[in-house]
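S.K.: coordinates for the following, if possible.
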Amino acid sequence: DFRKSAKKFRDILKLEEQGKTKELDKSQQVKLTKKQAFLDELLDAAKCLPDDFTIPSDIAPFLVTDAEGDGLVPDGGADLSIVSDGILQVNLDPAVVFCQGTHMDQCMAELSRRKGDPTFQKLRLRYFFSNKQHLKTVLKSLETNTTVTHLDLSGNKLDSGFDHTIVEFLVSNSTVQTLCLHANQMVRTNVLFPSLATNRVLTCLDLSAQTDRLVDVSPIAALLEAGSSALTNLNLARNHINTSGARLLFPALSRNRTLKAFDLCYNPLAGGSCAFVAACLEENCSLKLLGIEGCGLEEGNIDIVITALEKNTAVTDLGGLLPSSGHWGDTKKRATMKRTILDTLRRNLKYDQLPSVVMTLRCAKGEGSGMLMVTATNIAGDDVAEIQMLETERVSDLRFALLKQLDDGIPSGRLCFVLDNGQALEDKTLMTSLVAATTTGGYGSR
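M.R.: Residues are numbered from 1 along each chain as shown. Just a heads-up that it's a prediction; the model follows:
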C-alpha cells in the first residue's frame, strides 16, 4: 500500500515540476488538486510500515507534517511529534531535520538532545495504542523537562490503567500547562482530578470525546467547588454526561471563581438540566465560555436559561448555542431568543474589555445589636463606601447597597466577593456567609 501511494504521489510531484515550464491540460490540473488526498493516503500507509522498512529519500521529507496540522511544510515552530511507536519522528526545528525513527531509542535520543532547548515547547505523541510501554518511556523522559508546556496525547486509546502514569507525570513535571487527552478512555476521574488540586501549573485540560462513559463526575465537581487547582480551561465535551452529572457539576461551577472556560457541548444534559444551568449563570461571574451547544436543553424550560443569561455579565461564548429546532418554540420565539443571546454576548464582550477595579471590604461590629459595619477601601487605601447592615441581611443585599453608593455604572453581575483565602461568599445571610467562608479557609472566627 505504501509503495502504491508513493507512486501516485511521485506522479503528482512530476506534474508540479512540468507546470513550472509549460501549461498543463485540464485533466492534469484536476489531478494536481488531489495532492493533499494522495499525501494523506501516503501518511496512513506509512503508519503501518514495519520497523525494518527504509523510507525512500525522495518521499521522506513529505512525511514531515506541521505539528499544528495546518499544512505540509513546517512553520518554523520547535515542535516535535512522535508517531506510531517511533516509526516516524518529526523534528520541526527551523532547519528541518527528518529522522526515520524506526526504533524508540532514536526518538529518546532526539528528546534528550532537545531537553534544554528553550524553543521546544509543544510535544505531540500519536498512535501509541499498540505499545503503551513506549509511551510510558517517553513520559518518563519528560519528568525533568523544563521547556515543554503543551503535551498532546490525543488519540492513543489510553485506558484507565494509564491514569496513574499521567498523575505521576503531572506530579514530577512542573512546566506542562496544557494537557490534551482527547479521544482516549480515561474514565477514572477519582484518580486524575484529586491530583490536580495540588498542581499549580496545569491550566488547560482537554478530556473531550472519551470513548467510555464518564460515570462519576463527583471528583470533578469537588475540584471545581474547592477552587484550589490552577485550571482555567476544562473541556468535557462529548462524554455522555447526563442530567445526574449536571446536578453535581453546575452547583459546583456556580461557586468556582478560577475557571474561565468550561465546555460541555454535545453531552446529553437534556431539559432537566435547565434549572442547574440557569442557577449557574446567575451566580457565576467569572466564567467566559460555557459550552452548552447540542446538550438538548431546549427540550426543557429553556426560557429560564435565557433569562439567567441576560443577568449574567461575564459569559461571552456559549459554544455556538443558538435556537434551531422546533423544540425552541415557533419561528417568532426562536428569532427573539436568538437576538437575546447574541445581544447579551456582545454586551458582555464590551464589559470584558473594561478595566478591573479591586477594592477591600472590611467587616466590623456595627452600632446596635446584630449590626455589621462594612467599609470599602480602594487600591490606594481610601474609604469609598461605608454601609451598616443587619447581620441577617443577605450577601446580595450588600452587593446592591454597595453598587448604589459607588454609582460607577458597574454591572451587578461583575461584583464578586472573594476572601483572601480564595473562598467566595455564598448568597446567604452576611454573618452565616462570613463565618462559613472563614472557617472553611482555616481562619477560625476571624
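S.K.: when you work out contacts or count neighbours from here on, use the C-alpha atoms and nothing else.
M.R.: OK.
S.K.: just the CA atoms of the longest helix along the chain, as CSV, please.
M.R.: When the chain is scanned for its longest helix (criterion: DSSP state H), the result is helix 331-352. Taking Å, rounded to 0.1, in the frame of the first residue of the first chain, the C-alpha atoms of helix 331-352 are listed here in CSV:
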residue,chain,number,x,y,z
THR,A,331,-40.3,30.9,14.4
LYS,A,332,-41.0,34.2,16.1
LYS,A,333,-39.9,32.9,19.5
ARG,A,334,-36.7,31.4,18.1
ALA,A,335,-35.9,34.7,16.4
THR,A,336,-36.4,36.6,19.7
MET,A,337,-34.3,34.1,21.7
LYS,A,338,-31.5,34.3,19.1
ARG,A,339,-31.5,38.1,19.2
THR,A,340,-31.4,38.0,23.0
ILE,A,341,-28.5,35.5,23.1
LEU,A,342,-26.4,37.4,20.6
ASP,A,343,-27.1,40.9,22.1
THR,A,344,-26.2,39.6,25.6
LEU,A,345,-22.9,38.0,24.5
ARG,A,346,-22.0,41.2,22.6
ARG,A,347,-22.8,43.3,25.7
ASN,A,348,-20.6,41.0,27.9
LEU,A,349,-17.8,41.2,25.4
LYS,A,350,-17.8,45.0,25.9
TYR,A,351,-17.9,44.6,29.6
ASP,A,352,-14.9,42.2,29.4
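S.K.: what about the helices in the stretch 1-150 of the chain?
M.R.: 2-19, 26-32, 35-46, 104-114, 132-141 (DSSP state H, counting those that start in this stretch).
S.K.: looking at the ones you listed, which has the lowest confidence?
M.R.: With a mean of 67, helix 104-114 has the lowest mean pLDDT of the helices of the stretch 1-150 of the chain.
S.K.: now for the protein, the helix or strand with the poorest mean pLDDT.
M.R.: Every helix and strand of the chain was ranked by mean pLDDT, DSSP states H and E. The lowest is strand 97-99, at a mean of 32.
S.K.: hmm, who's touching whichever strand or helix holds residue 224?
M.R.: Following DSSP states H and E, one finds residue 224 within helix 218-226. Residues outside helix 218-226 that contact it (Cα atoms under 8 Å, 6 or more residues apart in numbering) are 189-190, 193-194, 196-197, 229, 245, 248-249, 252-253, 255-256, 259.
S.K.: which among the residues you listed end up buried?
M.R.: 189, 193-194, 196-197, 229, 245, 248-249, 252-253, 255-256, 259 (16 or more other Cα atoms under 10 Å).
S.K.: what is the nearest of these to residue 24?
M.R.: Distance to residue 24 across those (Cα to Cα) is lowest for residue 259, with 55.4 Å.
S.K.: how about the contacts made by the closest residue to the closest one other than its chain neighbours?
M.R.: Nearest residue to residue 259, sequence neighbours excluded (Cα to Cα, 6 or more residues apart in numbering): residue 232, at 4.1 Å. Listed by Cα under 8 Å, 6+ apart, the contact set of residue 232 reads 203, 204, 258, 259, 260, 261.
S.K.: may I have the one helix or strand residue 278 maps to as CSV, with CA atoms only?
M.R.: Taking DSSP H and E as the criterion, residue 278 maps to helix 274-283. In CSV, the C-alpha atoms belonging to helix 274-283 read as follows (Å, rounded to 0.1, in the frame of the first residue of the first chain):
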residue,chain,number,x,y,z
CYS,A,274,-32.1,23.8,32.6
ALA,A,275,-32.6,24.8,36.3
PHE,A,276,-28.9,23.9,37.1
VAL,A,277,-27.6,25.9,34.1
ALA,A,278,-29.7,28.9,34.9
ALA,A,279,-28.6,29.0,38.6
CYS,A,280,-25.0,28.8,37.5
LEU,A,281,-25.4,31.7,35.0
GLU,A,282,-27.0,33.8,37.8
GLU,A,283,-24.3,33.1,40.4
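S.K.: any idea of the mean pLDDT for that helix?
M.R.: Throughout helix 274-283, pLDDT has a mean value of 93.
S.K.: quick one, helices of the stretch 151-300 of the chain?
M.R.: With helices called from DSSP H, counting those that start in this stretch, the stretch 151-300 of the chain shows them at 163-172, 189-196, 218-226, 243-255, 274-283.
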